[in-house]
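Visitor: Generate a structure from the sequence data that follows.
(one chain, ligands or ions: 2)
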Amino acid sequence: MSSSPFTLKWGIMATGWIAEMFVQDLLTNPAARNVNDVAHKVVAVGTSSSNDKAAKFLEKVKAPEGVKTYGSYKELVADPDVDIIYVATPHSHHFQNAMLALTAGKNVLCEKALTVNAAQARKLVQTAKEKNVFFMEAVWTRYFPISSKVRELVKSQAVGPIYRVIADLSFNKDKPDGTVDFDDSHRMVNINLAGGALLDLGIYSLTWLFQTLYHCQPEEEKEAPKVVAAINKYHTGADEMTSMILQFPKHKSMGVGLTALRVGTDVDGENSGGPACRIQGSGGEIQVMGPLYRPLQYKVIKKDNPGKVEVYDMPIPHDDERDWGHGMFWEADECARCIRDGKKESATLPWSESIVIMEVMEEVLRQGGVTYPELITTDVFDPESSLNTGKR
Ligand SMILES: NC(=O)C1=CN([C@@H]2O[C@H](COP(=O)(O)OP(=O)(O)OC[C@H]3O[C@@H](n4cnc5c(N)ncnc54)[C@H](OP(=O)(O)O)[C@@H]3O)[C@@H](O)[C@H]2O)C=CC1
Ligand SMILES: O=C1OC[C@@H](O)[C@H](O)[C@H]1O
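Guide: Ligands and ions are numbered 1, 2, ... in the order given. Below is the predicted model:
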């Protein structure tokens, strides 16, 4: 017997690049990915400047008629028809914007990197608890079936206990004139927008280190890592190359996380350089092919089966009617199931883990001497902050 799916009603905060990808995924048919228990509806879109911009966004993503538009984030979070707000602003804005939504009593899915520092992440979690609402960091990769599969292989010790993981997400944006191929004002390198390789790309290297070395640790043995890091800074003050070692001494394991803006993980766009993540156990190795934010293939190599490489492809399901399928729908499905079931956090990326990850990133930035302005690092909520109103 089939019952009707639980439909989650979304309010979209900001209309940039990732909001476009995400909303197109929300608009795909869940059946195209074999999902029948939950569905999604976009009910409102809010920009920091004008209704008109929101309307243009809806046109671009070919949204159905009837979606409300708002020219401010404040109006968006006040819409009683919205169940959950998707925060798709730059990382610099996440704390203030997510607080705006949480304090309005809304469930929140907030883009990565969750915040600029750990204190902000703790305050968001505390607020979600007080308001009794759902809150999740939008690390979409965690909800890919390939991630679940790899976690399962790690937990079942398919290649023995895991002792070392090496993960890299780097883009080659090097230019002959010594700069990188982002304008100084671009959010990737702009210090006022919490730019830098770590918060934008390194979070994915950390995602793979965490979901293999930390998440899979039994609850009673949870051990946060010690961190040693090195950073090369760009002329804007943001990090352009960051390398970190995460040590879990009780588990005899280590993670090596890499990210950079001058060399790429994938030299030729064909993964000829090999895996982006190597998960090394005493009995073999699991390799994940990049890019680490959207991995589609993994390999298993066993010590006792030399020369044999098992290769598994896990493509993103495509909705032929909309001609779309990016892979962000799985995290949206997770939000819908959690909210349907009355859960306030996702077991796949619990609040405590998001906080430990932010603590690691904060420590890496501290060791590398990267600092961000007070406006974006404060953990004091201000609904009238320019980050919420868009006013300068
Ligand atoms: N999960 C993923 O795969 C990805 C996640 N991201 C994350 O999503 C977030 C947004 O990235 P992306 O969409 O690429 O960024 P964009 O610059 O394309 O969009 C950001 C949007 O935020 C709003 N905004 C409000 N204030 C500002 C400001 N001062 N400067 C710039 N934008 C502002 C604007 O929307 P409006 O005018 O409507 O208010 C703008 O369009 C980042 O945190 C990033 O890390 C990014 C790419 C991929
Ligand atoms: O999250 C991301 O994943 C894809 C990248 O292209 C983008 O820069 C980053 O924000």
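Visitor: Now do the same contact list for the residue of the stretch 1-150 of the chain found nearest ligand 1.
Guide: With Cβ to the nearest ligand atom as the measure, the residue in the stretch 1-150 of the chain that lies nearest ligand 1 is Gly16; the distance is 1.8 Å. Any C-beta I mention is one placed from the backbone N, CA and C, and that applies to glycine too. By Cβ atoms under 8 Å, 6 or more residues apart in numbering, the contact set of Gly16 is 88-89.
Visitor: Let me see the contact set for the closest residue to Asp181 other than its chain neighbours.
Guide: For Asp181, ignoring the flanking residues on the chain, the nearest one in space by Cβ to Cβ, 6 or more residues apart in numbering is Lys173 at 4.1 Å. Applying Cβ under 8 Å, 6+ apart to Lys173 gives the contacts 180-182, 261-262.
Visitor: ok, now how distant is the residue nearest to Val154 when sequence neighbours are not counted from Lys106?
Guide: By the measure of Cβ to Cβ, 6+ apart, the closest residue to Val154 outside its immediate chain neighbours is Cys216, 4.7 Å from it. Remark: distance between Cys216 and Lys106 (Cβ to Cβ, to the nearest Å) = 32 Å.
Visitor: just Gly368 next, same as before
Guide: To Lys106, Gly368 is 35 Å away according to Cβ to Cβ.
Visitor: cool, Lys252 as well?
Guide: In terms of Cβ to Cβ, Lys252 sits 43 Å off from Lys106.
Visitor: which one of those two has more residues nearby?
Guide: Relative neighbour count places Lys106 above the other of Lys252 and Lys106, with 23 against 10, counting by other Cβ atoms under 10 Å.
Visitor: residues in contact with that one?
Guide: Residues in contact with Lys106, defined by Cβ under 8 Å, 6+ apart, are 11, 77, 82-85, 133.
Visitor: what do you get for Glu310?
Guide: Taking Cβ under 8 Å, 6+ apart as the contact definition, Glu310 lies against 299-301.
Visitor: Within its sheet, name the partner strands of the strand or helix carrying it and how each one runs.
Guide: Glu310 is part of strand 309-313 when elements are defined by DSSP states H and E. Strands flanking strand 309-313 in the sheet, each with its direction: strand 297-302 (antiparallel) (DSSP bridges).
Visitor: Now the partner strand - C-alpha only, PDB.
Guide: What follows is strand 297-302, C-alpha atoms only, in PDB (Å, rounded to 0.1, in the frame of the first residue of the first chain):
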ATOM      1  CA  GLN A 297      33.400   6.400  -8.500                       C
ATOM      2  CA  TYR A 298      35.300   4.400  -5.800                       C
ATOM      3  CA  LYS A 299      37.800   1.500  -6.000                       C
ATOM      4  CA  VAL A 300      38.700  -1.200  -3.500                       C
ATOM      5  CA  ILE A 301      42.200  -2.800  -3.500                       C
ATOM      6  CA  LYS A 302      42.900  -5.700  -1.200                       C
END
